[in-house]
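> structure for this input, please:
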Amino acid sequence: MKASDLFIKALEAEGVEYIFGIPGEENLDLLESLRESPIKLILTRHEQGAGFMAATYGRLTGKVGVCLSTLGPGATNLVTPAAYAQLGAMPMLMITGQKPVKTSKQGRFQVIDAVDMMRPITKYTTQLVSGDRIPSAVREAFRLAHDERPGATHIELPEDIAAEPTTAHLLSPSVSRRPIAEYKSINRAVEMIAAAKSPLLLIGAAANRKLTSKMLKELVDKTGIPYVTTQMGKGVLNESDDLFMGNTALSAGDFVHRVIDSADLIINVGHDVVEKPPFFMKDDGRQVIHINFEPAAVDPVYFPQLEVIGDIANTIWQVKEQITANANWDFSFFFTAHKAYLEHKAESENDDRFPILPERFVRDIRTAMPDDGIVTLDNGVYKIWFARNYPAALPNTLLLDNALATMGAGLPSAMAAKMVYPDKPVISVCGDGGFMMNSQELETAVRLKLHIVVIILRDDAYGMIKWKQANMEFENFGLDYGNPDFVKYVESYGGKGWRIAAADELLPQVQKCLAEPGVHLIDVPVDYSLNDKTLNQTLRQRSEAI
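Down below sits the predicted model:
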């Protein structure tokens with residue numbers, strides 16, 4: 001058969017549901033092969049949007065998300081999504097086109113070495129120089145994208161290779177099971193936990209698996225050990241539980257860090273140094289157990305004393321089977337510090353001033369959303385407030401990126417989430433800066449008839465950087481911009497636009513938009529003026545006073 005037909009057959013054999021992307025001239029054979037395939041092409045308005053959608057599909061399903069671009073500028077537009085998936089451990093395959101490699105009459109026009117370009121930010125990248133290589137290349141790309149630690153892969157399919165005939169046959173996936181931790185390391189972990197005075201669980205991104213979540217709940221139920229989460233570990237365990245002690249939205253100085261500082265043993269489940277540090281480890285006698293699929297990457301702020309390497313869920317199950325609750329464990333200070341956090345949180349989120357404070361905004365979104373509703377975040381200072389103030393009840397219900405932490409991913413992520421879970425409410429929260437980086441995907445969302453609510457926190461500036469600028473005591477400079485009329489903007493795409501004029505208008509408007517099908521955009525002016533004082537001064541002063 002034609003090589004492009006075989007390529008699509010290989011994708012079908014891997015269970016691919018969607019290909020997100022923008023085809024080009026060099027992809028036309030592949031596009032024709034895709035035309036009669038059960039795989040659905042999701043045509044986007046920018047390759048970045050396609051890549052972010054594919055990565056989020058991978059994050060939510062555990063399957064490999066697939067995106068497509070042409071050569072040259074199409075491929076370069078996938079670099080940021082590649083890094084997003086690679087750093088965020090999201091399984092994704094990128095397919096890019098290329099000029100004919102055997103004979104070409106266009107010289108170097110639009111030609112870049114996309115394979116070498118992708119090499120530092122993928123687990124696997126290759127150019128196909130024969131149709132016979134398709135089965136093995138596709139199988140290897142899916143295997144590596146899916147295997148722990150998941151990430152991005154890339155295949156370049158040149159125009160002439162796509163059109164050539166091939167007699168190659170598909171390869172079946174091998175049966176593979178993750179290795180489990182060696183029993184001596186399990187025994188040592190159990191001994192360290194039993195001997196601790198105030199052990200604490202810290203749950204990171206790699207624990208965000210269904211079975212791991214179940215095993216962790218059984219461990220916590222059996223032992224009563226309190227837990228905290230990293231930004232990308234939110235929702236692995238219910239954050240409304242009495243044993244939840246907070247989220248490490250900041251690296252230091254918050255109430256949760258008083259909890260961490262008072263623990264003599266941190267059981268670090270699924271932490272990856274690719275995340276912004278949840279705490280700064282010191283050589284102060286406190287011990288850390290690293291439980292993960294992979295060994296710890298030693299860092300000046302992370303050097304665990306014990307590493308338990310293997311399938312995380314199995315590790316937690318083995319520990320749970322051997323451990324018993326210790327009557328001598330003392331968690332009293334944990335609860336004192338967390339109570340102080342809750343008191344401060346209640347004060348700030350009940351503020352009625354307008355433009356709205358981020359704490360009040362987060363509270364109202366949490367009130368509007370059911371436990372299984374999905375909120376996707378773009379990147380901005382509001383991410384800190386969602387991480388520390390939005391109690392996630394289930395895994396993957398608050399999608400934020402604390403690895404690459406790129407702007408522009410919030411809207412495409414919400415679109416992918418709605419496609420994966422069409423019956424769940426989905427809200428995308430974006431700053432005005434991040435939203436405008438991929439705002440054109442509103443047309444895609446309208447065309448796909450998705451029911452999503454996009455909320456823009458508008459401060460007419462790059463707010464995160466302004467916060468840092470103020471923290472460094474620099475003058476306000478170079479970070480302010482203008483915005484379109486967002487209501488008219490979304491309406492021009494066929495969506496529905498709304499604008500908030502008072503704090504108490506937000507919650508009923510969000511509830512209305514969640515109930516009414518369609519693409520909704522809500523323009524919410526936000527006041528970040530207190531960020532510097534609150535995050536850099538008030539939190540430190542009040543947490544230190546405990």
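
> so where's the stretch 51-200 of the chain uncertain?
Applying pLDDT under 70 to the stretch 51-200 of the chain picks out residues 104, 106-107.

> what are the ranges of the helices in it?
With DSSP state H, counting those that start in this stretch, the ranges of helices along the stretch 51-200 of the chain come out as 73-76, 79-88, 114-118, 134-146, 159-163, 183-195.

> from Val101, how far off is Leu28?
For Leu28, the distance to Val101 equals 16 Å [Cβ to Cβ, to the nearest Å]. Any C-beta I mention is one placed from the backbone N, CA and C, and that applies to glycine too.

> sorry, back to before: out of the helices of the stretch 51-200 of the chain, the one nearest Glu475 is which?
helix 79-88 (30.5 Å; Cβ to Cβ).

> how far off centre is the closest one?
10 Å (Cα atoms, centre = their mean, to the nearest Å).

> which residues sit against it?
47-48, 50-52, 54-55, 58-59, 65, 67, 90-92, 94, 117-118, 121-123, 151-152, 154, 205, 232, 274, 401, 403-404, 406, 408-409 (Cβ atoms under 8 Å, 6 or more residues apart in numbering).

> tell me which of the residues you listed fall in strands.
Among these, the members falling in strands (DSSP state E) are 65, 67, 92, 94, 152, 154.

> wait, the first one touches Ala55, no?
Same thing as Gly65. Yes. At 5.9 Å, Gly65 counts as touching Ala55 under the criterion of Cβ atoms under 8 Å.

> quickly list what's touching both of the two.
85, 90, 92.

> could I get the full set of strands for the stretch 301-450 of the chain?
306-309, 374-377, 398-399, 426-431 (DSSP state E, counting those that start in this stretch).

> would TSV of the ones you listed with mean pLDDT be doable?
Output for those, formatted as TSV (pLDDT from 0 to 100):
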stretch	mean pLDDT
strand 306-309	95
strand 374-377	98
strand 398-399	96
strand 426-431	97
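
> could you dump those into JSON lines and include distance to Ile161?
Formatted as JSON lines, the strands of the stretch 301-450 of the chain follow (distance: least, Cβ to Cβ, whole Å):
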{"stretch": "strand 306-309", "distance to Ile161": "40"}
{"stretch": "strand 374-377", "distance to Ile161": "37"}
{"stretch": "strand 398-399", "distance to Ile161": "36"}
{"stretch": "strand 426-431", "distance to Ile161": "38"}
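
> what's the closest of those to Arg35?
Smallest distance to Arg35 across the strands of the stretch 301-450 of the chain (Cβ to Cβ): 29.3 Å, for strand 426-431.

> check the offset of that closest one from the chain's centre.
Worked out by Cα atoms, centre = their mean, strand 426-431 lies 13 Å from the chain centre.

> counting by contacts, list what that strand packs against.
helix 358-368, strand 374-377, helix 382-389, helix 410-420, strand 452-458 (3 or more Cβ pairs under 8 Å, 6 or more residues apart in numbering; DSSP states H and E).

> quick one, which of those gets closest to Arg540.
It is, among the helices and strands packed on strand 426-431 and with distance given as Cβ to Cβ, helix 382-389, at 13.9 Å.

> from the middle of its chain, how far away would that closest one be?
On Cα atoms, centre = their mean, the centre of helix 382-389 falls 14 Å from that of its chain.

> how far away is the residue nearest in space to the middle of the chain from Ala82?
Centroid-nearest residue in the chain, with Cα atoms, centre = their mean: Asp401, separated by 4.0 Å. To Ala82, Asp401 is 14 Å away according to Cβ to Cβ.

> ok, now Val362?
Taking Cβ to Cβ, one finds Val362 at 31 Å from Ala82.

> so those two - more neighbours on which side?
Ala82 (26 against 23; other Cβ atoms under 10 Å).

> for Leu404, see how far away the more buried one is.
Using Cβ to Cβ, Ala82 is found at 10 Å from Leu404.

> mind checking the longest helix of the protein?
helix 332-349 (DSSP state H).

> Gln511 reaches Ala368, doesn't it?
Yes. Between Gln511 and Ala368 a contact is recorded at 5.4 Å, counting by Cβ under 8 Å.

> the more surrounded of the two?
The residue with more neighbours, out of Gln511 and Ala368, is Ala368; 21 against 16, by other Cβ under 10 Å.

> where's the more buried one relative to Ala340, distance?
Ala368 is 27 Å from Ala340, by Cβ to Cβ.

> now do Asp460
Counting by Cβ to Cβ, the separation of Asp460 from Ala340 is 34 Å.

> and Ile500, by the same measure?
As judged by Cβ to Cβ, Ile500 and Ala340 stand 31 Å apart.

> returning to what we had before: export the strands of the stretch 301-450 of the chain to JSON lines and tack on mean neighbour count and distance to Asn471?
What follows is the strands of the stretch 301-450 of the chain, written out as JSON lines (neighbours: other Cβ atoms under 10 Å; distance: least, Cβ to Cβ, whole Å):
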{"stretch": "strand 306-309", "mean neighbour count": "19", "distance to Asn471": "35"}
{"stretch": "strand 374-377", "mean neighbour count": "26", "distance to Asn471": "21"}
{"stretch": "strand 398-399", "mean neighbour count": "26", "distance to Asn471": "25"}
{"stretch": "strand 426-431", "mean neighbour count": "27", "distance to Asn471": "18"}
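
> to Ile456, which of those strands lies closest?
Of the strands of the stretch 301-450 of the chain, the one closest to Ile456 (Cβ to Cβ) turns out to be strand 426-431, at 5.6 Å.
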